[in-house]
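Q: Have a look; sequence and predicted model below, questions after that.
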Amino acid sequence: IRREGRAMKGRGWIGAVVLGLVMAGGGVASGGFIQGTHVKTDMPSPFFITTSPDGGMLYICNQSGHSVTFVDAKTQKVVGEVAVGVQPEAAAPTPDNAFLYVCNAESDSVSIIDMARKQVVKEIKVGDWPSGVKISKDGKTAYVACSGCMWNTIDVIDTGRMEKVRSIYTSDYGPRTLDMSPDGKTIAVVCDTVGSINRSVNFIDLATGKVTEKRVIRDSSNLRDIVYTPDGQYVVVTYQSPKNWLPVCEAENGQVFTNNIAVLETKPGGKVARLPLDDLNNYSGDPYGLAMDPKGRYLYVGIRGMHRVTILDMNKVLGIVRGNSQEELDYLRDDLGLARDYLVARVPTGLGPSSVCLSPDGKICYAANYFSNNVSVIRTPVD
């Protein structure tokens, strides 16, 4: 492990180190194949990262390696790897950590890994391009977002039977990622519908399996991740805003794309705040994964195009949302001086952080670096 960098802002310092995934003599890189071919690759391409419920183990989906790597969080050592289907893009452990459910996007399947045996015990066929999965608090049900460009299902798996039992249909194509409300009654799903510049979030009641509301994020594209605040009153989404009505002549001042978060009130008909991550001449290209501090104090955003994790002060973000009308919030999307009001730090990482997650106590943030095949370990500003 080597120290990657640190950022000074506000309270104390926020440090990062990098944990390599490629071990001498083999390790993760030795068994991978490039997507859709039989050509071996030395680039596992870690795309997604999550922790075991107790935080003791990290689970990393290797998109090009077609495998899941296990890392001991305490020693920061790779302790195992399991081959899964083609192009794994998300995973979720059961609450007892007995099984890990892995979405294999190109295989259109979910692999179930028995954690005691460290092997796949079943592969379940689901809809087109599964890219997100969450498991209910009681561990009995897994919800799988199938994000194919002409697909619109959340497939439901009975974890006891290890079988798909039904599908929930979203209002739009491309349900990419999802999060479950803190009370376990609702899932919020981003619908990254190809061709639309007004993409949406669906709120789905799990008791009925029905979409209770479709909330549009105007002028949006490339919705990547979604996360609830701990009180369940808001969800946050990463996305980009295209400026397709302007001639493509310069990137300055957000005249091609701006990089944003959307903050949505979860109450019916609630506000949709579109807030910039960019500064003037300091752009946050390709915002991807999200993680929320367990107490709701900080938001962590993987900025894939700028090789950093951006940390935001959620109290200040929500102060803006609460203190402005919808009409006033609509004017703030293009204010490239606004991000300084809620920015805590921009922490350098490895190359292309596609996914971030937090230890259960919120003291450590992990970022899966797609292009440099490693994981950044960030000490957070939590007291």
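A: The structure has been received and is ready for your questions. If you're wondering where the values come from, they're calculated on a predicted model, not measured in any experiment.
Q: Contacts only, for R297.
A: By CB atoms under 8 Å, 6 or more residues apart in numbering, R297 lies in contact with 313-315, 382. Placement of C-beta: from N, CA and C, glycine included.
Q: ditto for V189
A: 145, 154, 170, 175-178, 201-204, 226.
Q: swap the cut-off to 7 Å and go again
A: V189 makes contact with 145, 154, 170, 175, 178, 201-202, 204, according to CB atoms under 7 Å, 6 or more residues apart in numbering.
Q: now, which of those lie within helices?
A: Judged by DSSP state H, the subset of the contacts of V189 located in helices is empty.
Q: Okay, and which of those map to strands?
A: The strands, defined by DSSP state E, take in 145, 154, 175, 178, 201-202, 204 from the contacts of V189.
Q: Which of those residues are buried? Put it as a ChimeraX command.
A: Buried residues within the ones in strands among the contacts of V189, by 16 or more other CB atoms under 10 Å, are selected in ChimeraX with:
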select :145,154,175,178,201,202,204
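Q: Take the ones in strands among the contacts of V189 and write them to CSV, including distance to Q63 and pLDDT.
A: Shown next, in CSV, are those (distance: CB to CB, whole Å; pLDDT from 0 to 100):
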residue, distance to Q63, pLDDT
A145, 16, 98
I154, 22, 98
P175, 19, 97
L178, 19, 98
V201, 25, 98
N202, 25, 98
I204, 27, 98
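Q: neighbours around V211, how many?
A: As a burial measure, V211 scores 18 neighbours (other CB atoms under 10 Å).
Q: Next one: G305 from P353, what distance?
A: According to CB to CB, to the nearest Å, G305 and P353 sit 10 Å apart.
Q: try V79
A: 22 Å.
Q: The two: who's more crowded?
A: P353 (36 against 12).
Q: Read off the pLDDT value for the more buried one.
A: Note for P353: predicted pLDDT of 96.
Q: any idea how far it is from L343?
A: For P353, the distance to L343 - CB to CB - is 17 Å.
Q: Burial check on E106, number of neighbours?
A: Counted with other CB under 10 Å, E106 comes out at 17.
Q: That one is in contact with E89, isn't it?
A: No: using CB atoms under 7 Å, E106 is not in contact with E89, being 9.1 Å away.
Q: Where does pLDDT dip in the stretch 151-300 of the chain?
A: The stretch 151-300 of the chain contains residues with pLDDT under 70 at 243-256.
Q: just the strands in it please.
A: Using DSSP state E, counting those that start in this stretch, the strands of the stretch 151-300 of the chain run over 153-158, 163-169, 175-180, 186-191, 200-205, 210-216, 226-228, 234-242, 257-265, 272-276, 287-292, 298-303.
Q: Turn those strands into CSV, columns for distance to I378.
A: Formatted as CSV, the strands of the stretch 151-300 of the chain follow (distance: least, CB to CB, whole Å):
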stretch, distance to I378
strand 153-158, 31
strand 163-169, 35
strand 175-180, 21
strand 186-191, 24
strand 200-205, 27
strand 210-216, 31
strand 226-228, 17
strand 234-242, 18
strand 257-265, 19
strand 272-276, 22
strand 287-292, 10
strand 298-303, 8
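Q: closest one to K118 among those?
A: strand 153-158 (20.9 Å; CB to CB).
Q: how much does that closest one deviate in direction from strand 175-180?
A: Interaxial angle of strand 153-158 relative to strand 175-180 (axes from the mean of the first three to the mean of the last three CA atoms, to 10 degrees): 50 degrees.
Q: Alpha carbons of strand 153-158, in PDB - could you do that?
A: Only the C-alpha atoms of strand 153-158 are listed here, as PDB (Å, rounded to 0.1, in the frame of the first residue of the first chain):
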ATOM      1  CA  THR A 153     -38.000  -4.700 -15.000                       C
ATOM      2  CA  ILE A 154     -36.900  -5.100 -11.400                       C
ATOM      3  CA  ASP A 155     -36.700  -8.900 -11.100                       C
ATOM      4  CA  VAL A 156     -37.500 -10.300  -7.700                       C
ATOM      5  CA  ILE A 157     -35.600 -13.300  -6.300                       C
ATOM      6  CA  ASP A 158     -36.700 -15.400  -3.400                       C
END
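Q: which of the residues in it are buried?
A: Neighbour counts over strand 153-158 (16+ other CB under 10 Å) mark 153-157 as buried.
Q: any idea which of the contacts of V189 is closest to N259?
A: Among these, and counting by CB to CB, the member closest to N259 is V201, at 17.9 Å.
Q: so what's the closest one closest to, chain neighbours aside?
A: R215 (4.8 Å; CB to CB, 6 or more residues apart in numbering).
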